[in-house]
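In: Got a sequence here, can you build the structure:
(4 chains)
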Protein chains: 2
Amino acid sequence: MNTTSIKINLNHKAYLRDPELTELGQRIIRESIRLIDELGFEQFTFRKLATEINSTEASVYRYFENKHKLLVYLVSWHWAWLDHFVLFHTNNVADARERLSRAIDVITASGTDNPATLHISESALHRIVISEASKVYLTKEVDDDNKDGYFLEYKRLCHHLAEMVLRINPDYPYPHALISTIMEAAHQQVFFAEHLPSLTEIKGTQRSPEETAIFLKHLVFAAVDQKR
Amino acid sequence: MNTTSIKINLNHKAYLRDPELTELGQRIIRESIRLIDELGFEQFTFRKLATEINSTEASVYRYFENKHKLLVYLVSWHWAWLDHFVLFHTNNVADARERLSRAIDVITASGTDNPATLHISESALHRIVISEASKVYLTKEVDDDNKDGYFLEYKRLCHHLAEMVLRINPDYPYPHALISTIMEAAHQQVFFAEHLPSLTEIKGTQRSPEETAIFLKHLVFAAVDQKR
DNA sequence: TCTTTTCGATAGTAAAACTATCATATTAGA
DNA sequence: TCTAATATGATAGTTTTACTATCGAAAAGA
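Out: Purely as a prediction, here's the structure:
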């Protein structure tokens, strides 16, 4: 065996039937990532997806109640995956500052496709998260969805980075606010760089994630090191 | 005349017919703000709006091509209004630091209803901007919409604040990125405080805008004053 | 007064967002 | 290996959304 299989476990059921467990489920995931990336979430429909996977609308509905829950699933998966990656890249790094710096690199980096998760293209998923992730919580159903645990993966990642902030400066009064701000900015700045360049100094190139990371580190370390 | 009439001019035509100029148009604006605030943008439809204003779907379509353009109009109006307000509150303030501080107060403050714009409830509009504003640009049509000038008001406000940053520290390398980050955070943090409280230290109360302003000032002045 | 504009009323279409039913293929358990 | 449960495909149908078209009456402007 030359590939390690990684199963990302989510703490909720945005799905009706676990798509990881069947071939059709994996096709639904793989092709929905492709289609949402291509069409955008608003233009994406279960009908189009069904055509793409040579199946039927009814079959897709057996896995997900609606396209919003499918997006919740994809975005949660991404956060769980990132949390994993952050842990992996900060493990055994003794210096608290260096740990936070590497964590920021991980959350800004554009996804790299991993052979361990063949049915998920992390790079396409990362593009989806940039333009669609905030739509999972910016709804009137946010409180119900929160009760169902749909944002646990995001909160956990946020909390892990907030802990790193407190390790550097235990007196910093806004660790979670600072981290949630830069986690959102990590996407916005890349999006602005590409589509609304006058809103940022980051250039809209392949390297905009790296540039964004530099800006965010500036910002975070300035805040954490601030004299009061 | 004991009220001053203020006409906010937008630099684009998200509308087909200027809603400010007719009574029906003003009713469309007033009731759409009420309805979007109440139902959220996804559940809001022109059919429901038409019922609310005792008119017809066809009549609403004579003012706006679709509900997305109506949202663009409302959000642009809000940014133009805020830009106005920022200018008003920073005018004649000599100190650059104090100017930026007051500007941050203005962009975080929950709207106060103004008798000069009777058909627009600024407080309801502010709630809409918090939960719906990012949806105006997070679409596949963002580049076309940008060409049509739909984001000019937002960019102008961003640029005005970025200038204040440069006045404080002409060498700060990311004035626009910093301002666009905190302008988005000004909404996110209030939203998180109310719905996803574990993502922030801001408390979900009536005073969360003020608390958010304090956090954002911390952040901005730390960044701008950073030694390099 | 005449004419243009505005609005309401009505009707209709295409697509989206589902739900229901039935037959068949596959799989799992006994 | 037989049987029963499950998964999928095929088909069809409903309701709602997002529009478009047409017409006539009222109102407003010249």
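In: ok, the strand or helix carrying residue A:81 near DNA strand C or not?
Out: Using DSSP states H and E, residue A:81 falls within helix A:67-90. Yes - judged by CB under 7 Å from any atom of the strand, helix A:67-90 comes into contact with DNA strand C through A:67, A:68. (Glycine included, C-beta is placed from N, CA and C.)
In: Now do the helix or strand that that helix is followed by against helix A:67-90: the angle between them, please.
Out: Per DSSP H and E, the first helix or strand lying C-terminal to helix A:67-90 is helix A:96-108. Angle of helix A:96-108 versus helix A:67-90, following axes from the mean of the first three to the mean of the last three CA atoms, to 10 degrees, is 150 degrees.
In: Show me what helix A:96-108 is packed up against.
Out: In terms of contacts (3 or more CB pairs under 8 Å, 6 or more residues apart in numbering or on different chains; DSSP states H and E), helix A:96-108 is packed against helix A:67-90, helix A:152-168, helix A:175-195, helix A:208-225.
In: Same list (those helices) but as JSON lines, adding mean pLDDT and distance to DNA strand D.
Out: Listed next are these as JSON lines, based on pLDDT from 0 to 100; distance: least, CB to the nearest atom of the strand, whole Å:
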{"stretch": "helix A:67-90", "mean pLDDT": "96", "distance to DNA strand D": "13"}
{"stretch": "helix A:152-168", "mean pLDDT": "98", "distance to DNA strand D": "25"}
{"stretch": "helix A:175-195", "mean pLDDT": "98", "distance to DNA strand D": "22"}
{"stretch": "helix A:208-225", "mean pLDDT": "97", "distance to DNA strand D": "32"}
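In: which of those helices is buried the deepest?
Out: Counting by mean count of other CB atoms under 10 Å in any protein chain shown, helix A:175-195 has the highest mean neighbour count of the helices and strands packed on helix A:96-108, with a mean of 24.
In: and it with helix A:152-168, angle?
Out: Using the same axes, to 10 degrees, helix A:175-195 lies at 110 degrees relative to helix A:152-168.
In: Stretch A:22-37 and DNA strand D, any residue contact?
Out: Yes - legend: contact between stretch A:22-37 and DNA strand D by CB under 7 Å from any atom of the strand is shown at A:22, A:23, A:24, A:25.
In: Can you list which of those residues are found in helices?
Out: Counted as lying in helices by DSSP state H, out of the residues of stretch A:22-37 next to DNA strand D, are A:23, A:24, A:25.
In: For chain B, state which of those residues is nearest.
Out: residue A:25 (26.3 Å; CB to the nearest CB).
In: Next, see if the helix holding residue A:81 gets close to chain B.
Out: No - using CB under 8 Å from any CB of the partner chain, helix A:67-90 stays clear of chain B, coming no nearer than 8.7 Å.
In: Can you name every helix or strand that that helix contacts?
Out: helix A:23-39, helix A:96-108, helix A:122-132, helix A:152-168.
In: Of those helices, which is nearest residue B:9?
Out: Between residue B:9 and the helices and strands packed on helix A:67-90, the shortest gap by CB to CB is with helix A:122-132, which sits at 30.3 Å.
In: Many thanks, we can stop here.
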